[in-house]
Each structure stands twice: as structure tokens, then as C-alpha cells.
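1. need a structure here:
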Amino acid sequence: MDIEFNKREDQNRLKLSEINRLLSEIKKGGGEKRLQKIRDEGKMTARERVDYLLDKGSDSIEIGAFAGFEMYEEHGGCPGGGVVVVIGYVSGKQCIVVANDASVKAGAWFPITGKKNLRAQEIAMENRLPIIYLVDSAGVYLPMQDEIFPDKEHFGRIFRNNAKMSSMGIIQISAVMGSCVAGGAYLPIMSDEAMIVDKTGSIFLAGSYLVKAAIGESIDNETLGGATTHCSISGVTDYKAKDDQDALNRIKNIMKSIGSTEKAGFDRIESFQPKSKPENIFGILPASRTEQYDTYEIIKCLVDNSEYDEYKPDYGKSIICATARIDGWSVGIVANQRKLVKSGKGEMQFGGVIYSDSADKSTRFIANCNQRKIPLVFLQDVTGFMVGSKSEHGGIIKDGAKMVNAVSNSVVPKFTIITGNSYGAGNYAMCGKAYDPRLIVAWPWADLAVMGGTQAAKVLAQIQESTLKKQGKEISAEEHQEILDTISKRYLKQTEATYSAARLWTDAIINPVDTRKWISMGIEAANNAPITEKFNLGVIQV
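-> Okay, the predicted model is just below:
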């Protein structure tokens, strides 16, 4: 390895180390004191519950760990969105687990909590995955009730999804392991099976204080809605567990009894490790998002035996389209080439830019993958579509629209990895969050924005200075630089991987070495959901 490789490797590993440090803090939830208080009450913490439930030594992936990061600071923050969401295996069955974190505001629902819970249900619905709820929540966070209660994608959508999943035959299991109040009380009871932990679990539409205020009745919470009440009197719950561990063991036993389901039939053979080590990614990728590199080298680090069959290799070179295997699964790869390349016409094409010929090639390749029932993997490092009179006259908008159309109407599962830049319409064409990837993740150095930070800052600075000049103010060179620096700092902060992950524009920030695991587990999940639609591009300009 050369010295430049080593420099890049060191810089990129430092970025991953920073992400891991932040993740370690997030996993502490509301802090050690609150976690210990939960243990002192005879309960397990949310992460302890998830760890105990999942099969030991099995793979798992966490969804939305950065949800709420640096948000709601005026309310004391909401680490992890106050809920832990993991795709893993229980009694050998792949499923998704949703566990309220009572160390964060007693498990109360912030707006991002609702969004994260809905994302978990979306994954379950798309992939027909069993979903397990470990309930321990005080309900809606009242100071922000207007942002979580009434809208279509708010709190109430959870229960609508409970009903929809039930009608779809998706298994839902709930364990009430702490508070379960008000509207939230419907979630476990709309599940297929519900259990409650004795003395620590409680379910009621209104607690004892509210009951006293509303109807004047004096009653304690345990008598009102504890385990004995709901298992012996109301019949609301199916089982009474003596403690958290007992409840989790019962869930494991239920999962053991689940029969197999019809599969989508995605092709898988024996898995082989890449000949180019995935760890090499750290040295291949430049530390600066503006520098170029050869995307073929990245693909070799991700696919089985570092082997792939490229589609139209001599045409549309700014996007690489190829079929390959990842952990044995057959996949179609659509990847932005970040190296300066020469088009078939002999013209130089900038790395990371989508040209008309590349969009045209990608559209046909995506259609072929749909025809052959091959899941799609998008490797995004894109600055956008090519601009200028030559591109406009050549029909770049038409060709870009064809690609967007193909991505939108694709019926095979799609998985998106943001390896570098994800800017503007390039984000859309390369299957950004708006285009329903089954999973979308970012590498630690990824940037996601409508345009690059330097260009955007200059545009915004020009607008601000133009406004000041109209007010009769002259801008000195020092003032110009100060405006530019202020805008750049704010804008660049919004492009960082953590900013996107905090808002669930991506499902996770991952170690590139784990990319194969994410794709493999994602396809395994998708294989539970047979394809019932036919691929149809609809009306496009040819």
C-alpha cells in the first residue's frame, strides 16, 4: 500500500471512530443514573431486553440509532428517539424488535419517536416480518403534543398500522413491561398476543390521578390496570409474566411455534468473501468529498470473490451497472463512478455526475433486474445530473426522468448505500429515501444535501448580500468573508451524516465493513414478501 492509501485510511478510520464514540453515548439513553433506577425497580433496560431476546451469537442490525441526535435540546434531548429498533433473530426467525427506552423521559413519544416507530412498522409491512413490541412508555410527550398527535404520520398511525398488519397476516407480539397509557394502550391489545409483567406492567386509558380528577374515583394504578386486573378480570392481556425475563422467554417460545411462509424466491448460493478485503475501503476513499477515486475498487470490496458481470461497460461510463453476488444473494448494482472517464464519443465526463447516456443505461439495467427478479443495490456518490446547454439540448431532463421512472416503479427490493455525496436530483435517481429503499444507510463521511456545501454557501451568501445592498449597505471584503463563513458553517452542519440520520433520512450510519451484512439481512427480510406487482414504466418520453 502506498503512503496516500495509508493517509486516507487513517483519516477515514478517525471519522468512523468519532461515529462510534457518539453511538456509545447514545446507547446510554437517559444516562447511567436513570438506567440504574430501572434496574433497581427490578426491570431490565430497553437494550438489555433486546439483547436477552435475540439469539445469542446471531447477526443483528439497528435501525435509527441516531434518531433525535442533537434535536429537542431545549427539552433535554431525546437520545435514540427514546426507542430501540433492531432487526435480528428470535428462536431462529428473523423479526423486528421495538423496545421503548424508559430512561429517556419515561419512554415518552417525541415527534421523532413516532417517526421511528412508523419506520419500524413500515419495514415489517414491506417485508412481512414479525414485529415484537416491548412496551414501557408514558405516552405522548405533552409539551410537543401538537407535533405528534393529530396528523397522518403521527401517533395514531401506529394503531392503524397494527390493524393493517393484522389483516396482512403479519405476526405482532407485545409485552407490557412498564407503563402503557392513554392511546398507547391500544398497541399491545391490537397485537396477536399480549402479555404483561406482574407488578411493573400497567395498562389503562387514564391513570389513577386522571381518574380521580375526571370522575372522582379513588383507585391505585395496580388495581386499575395491573397484570392481575387485565389477566383475571378484564381479559385485556393473554399472559401474566412474573418478571421481564419470564415475558421474554414466553416471546421466544411463541416465535418457536411460527410456521414458514411463502418466499419471494430471490436467488442465493454459497457465500464467498471478497478477494479485495472490505477494510480496504478506508484507504480507497479520499478524505475529501471532492477528490476522485475508482468505484470499481469499492465494488470489489463488497461482492463475493470480487467478481461481477458488467452491463454495457463501454457506454454511459459515469454509472456502473453490474450483476454480482453479495453473501450469496444475486444483486444488481447501480453505482456512481467517481473517476474522470471518457465517454464513447471521446468526451471527458466528471466523476459522480450523471450524464444522459448513463441515465439511459441505468434505466434499461433496472428494467432487466426487475424482469429477472434481482434485488437492486444503489451505491450513491453523486453530485447530480450534468448541466449546461449541451446537456440540456441532448435531453438530460428526459433521460433523467426515465431513470427516476424506472427507480420509482421498480418492484424488486432496493437497498441504498450512501458512500459519499448524495446531492440534488442525483439523490432521487439513485434511490434516495423518497423512493422506498427497503433499507438506506450511510458511511460515516457521507454528505446529503440539495447541493454541495461550497456552491450552496456561495449562492446563499450572494442572496444575503444582494438584500443588504438593496437596503443601501456596502459589503466590505471582511464582511463578505464573515457572511460566507457563517453560512458555510451552518449549511455544512446540515449535510453531515449525523444530521440526516437524526431525522431518519437514513436508517443508520454504518461501518463500511458491515455493508455486506446489511444488504444480506435486508434481502433475507425482503424474501419473506412475494412480489405481487408487475414492473411497468408507465408513460415516458423515449
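2. isn't residue 501 right next to residue 446, touching?
-> No: with contacts counted by CB atoms under 8 Å, residue 501 stays clear of residue 446, the gap being 9.3 Å. Backbone N, C-alpha and C define where each C-beta goes, glycine included.
3. overlap in contacts, those two.
-> residue 509 (CB atoms under 8 Å, 6 or more residues apart in numbering).
4. the stretch 1-150 of the chain: strands as residue ranges?
-> Listed in chain order, the strands of the stretch 1-150 of the chain (DSSP state E, counting those that start in this stretch) span residues 61-63, 83-90, 93-100, 131-137.
5. pick the most deeply packed of these.
-> Mean neighbours per residue, mean count of other CB atoms under 10 Å, is largest over the strands of the stretch 1-150 of the chain for strand 131-137, with a mean of 27.
6. low-scoring pLDDT stretches of this structure, where are they?
-> Low-confidence regions of the chain, defined by pLDDT under 70, span residues 1, 183, 451-457, 540-542.
7. now the longest helix along it - C-alpha only, CSV.
-> Here the longest helix in the chain is taken by residue count, with DSSP state H as the criterion, and it is helix 3-26. Extracted C-alpha coordinates of helix 3-26, given in CSV (Å, rounded to 0.1, in the frame of the first residue of the first chain):
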residue,chain,number,x,y,z
ILE,A,3,1.5,6.4,1.6
GLU,A,4,-1.5,8.1,0.2
PHE,A,5,-3.6,5.0,0.9
ASN,A,6,-2.4,4.9,4.5
LYS,A,7,-3.2,8.6,4.9
ARG,A,8,-6.7,8.1,3.6
GLU,A,9,-7.2,5.1,5.8
ASP,A,10,-6.2,6.9,8.9
GLN,A,11,-8.5,9.9,8.2
ASN,A,12,-11.5,7.7,7.4
ARG,A,13,-11.0,5.5,10.4
LEU,A,14,-10.9,8.6,12.6
LYS,A,15,-14.3,9.5,11.2
LEU,A,16,-15.6,6.1,12.0
SER,A,17,-14.1,6.3,15.5
GLU,A,18,-16.0,9.5,16.1
ILE,A,19,-19.3,8.0,14.9
ASN,A,20,-18.7,5.0,17.2
ARG,A,21,-18.0,7.4,20.1
LEU,A,22,-21.3,9.2,19.6
LEU,A,23,-23.1,5.9,19.2
SER,A,24,-21.7,4.7,22.5
GLU,A,25,-23.1,7.8,24.2
ILE,A,26,-26.5,7.4,22.5
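8. before we move on, back to that, got the strands of the stretch 1-150 of the chain as JSON lines, with distance to residue 285 columns?
-> Listed next are the strands of the stretch 1-150 of the chain as JSON lines, based on distance: least, CB to CB, whole Å:
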{"stretch": "strand 61-63", "distance to residue 285": "22"}
{"stretch": "strand 83-90", "distance to residue 285": "26"}
{"stretch": "strand 93-100", "distance to residue 285": "31"}
{"stretch": "strand 131-137", "distance to residue 285": "36"}
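9. and after the host helix or strand of residue 283, which helix or strand comes next?
-> Following DSSP states H and E, one finds residue 283 within helix 281-284. Heading C-terminal from helix 281-284, the first helix or strand you meet, by DSSP H and E, is helix 295-300.
10. so what does that following helix touch, helix or strand wise?
-> Contact here means 3 or more CB pairs under 8 Å, 6 or more residues apart in numbering; DSSP states H and E; on that basis helix 295-300 packs against helix 281-284, strand 319-326, strand 329-336, strand 376-382.
11. and the next helix or strand past it?
-> The C-terminal neighbour of helix 295-300 among helices and strands, as given by DSSP H and E, is strand 308-310.
12. so what strands line up beside that next one?
-> strand 319-326 (antiparallel) (DSSP bridges).
13. quick one: contacts of the partner strand?
-> Contacts to strand 319-326, defined as CB under 8 Å, 6+ apart, come from residues 269, 271-272, 295-296, 299, 302-305, 307-312, 330-337, 354, 358-359, 361-362, 365, 369, 374, 377, 516, 519-520, 523.
14. among the residues you listed, name the buried ones.
-> Neighbour-count burial (16 or more other CB atoms under 10 Å) applied to the contacts of strand 319-326 gives 295-296, 299, 302-304, 308, 311-312, 330-337, 354, 358-359, 361-362, 365, 369, 374, 377, 516, 519-520, 523.
15. show me what the one helix or strand residue 368 maps to is packed up against.
-> Assigned by DSSP H and E, residue 368 falls within helix 356-371. With contacts defined as 3+ CB pairs under 8 Å, 6+ apart, the packing partners of helix 356-371 are strand 319-326, strand 329-336, helix 396-409.
16. and the helix or strand following the last one with strand 319-326, angle?
-> The helix or strand immediately downstream of helix 396-409 is strand 414-423, counting by DSSP H and E. Orientation of strand 414-423 against strand 319-326 (axes from the mean of the first three to the mean of the last three CA atoms, to 10 degrees) gives an angle of 140 degrees.
17. between strand 414-423 and helix 396-409, how big is the angle?
-> In this structure, strand 414-423 runs at an angle of 150 degrees to helix 396-409, with the same axes, to 10 degrees as the basis.
18. for the next helix or strand after strand 414-423, which helices and strands make contact with it?
-> Using DSSP H and E, the next helix or strand after strand 414-423 towards the C-terminus is helix 424-429. In this structure, helix 424-429 packs against strand 376-382, strand 384-385, helix 396-409, with contacts taken as 3+ CB pairs under 8 Å, 6+ apart.
19. check contacts around the closest residue to residue 82 other than its chain neighbours.
-> Leaving aside its sequence neighbours, residue 82 sits nearest to residue 104 (CB to CB, 6 or more residues apart in numbering; 4.0 Å). If a contact means CB under 8 Å, 6+ apart, then residue 104 has 29-30, 34, 78-80, 82 as its contacts.
20. compare the residues you listed and tell me which is most surrounded.
-> Of all the contacts of residue 104, the most densely surrounded is residue 82 (31 neighbours; neighbours counted as other CB atoms under 10 Å).
21. isn't that one right up against residue 113?
-> Yes: with contact taken as CB under 8 Å, residue 82 and residue 113 are classed as touching, separated by 4.8 Å.
22. which element is residue 195 on?
-> Taking DSSP H and E as the definition, residue 195 sits inside strand 193-197.
23. does the nearest residue to residue 229 once chain neighbours are set aside sit in a helix, a strand or a coil?
-> What sits nearest to residue 229 in space, not counting adjacent residues and going by CB to CB, 6+ apart, is residue 223, at 6.5 Å. Three-state secondary structure (criterion: DSSP: H, G, I helix; E, B strand; the rest coil) places residue 223 in helix.
24. how many residues are close by residue 223?
-> The local packing of residue 223 (other CB under 10 Å) involves 11 other residues.
25. and if you look at the one 3 residues further on?
-> When neighbours are counted by other CB under 10 Å, residue 226 registers 21.
26. what do you get for the one 4 residues further on?
-> The criterion is other CB under 10 Å. On that basis, residue 230 has 25 neighbouring residues.
27. same check, this time on residue 211
-> Here the count is done by other CB under 10 Å, and residue 211 has 18 residues near it.
28. could you check how far it is from residue 221?
-> Look at residue 211 and residue 221: by CB to CB, to the nearest Å, they are 9 Å apart.
29. also residue 82?
-> Computed as CB to CB, the residue 82 to residue 221 distance reads 21 Å.
30. residue 388 now?
-> For residue 388 relative to residue 221 (CB to CB), the value is 68 Å.
31. so for the two, which sits in the more crowded spot?
-> Relative neighbour count places residue 221 above the other of residue 388 and residue 221, with 16 against 9, counting by other CB under 10 Å.
32. Three-state assignment for residue 245, please.
-> Per three-state DSSP, residue 245 ends up helix.
33. residue 459 too?
-> helix.
34. one more: residue 270?
-> coil.
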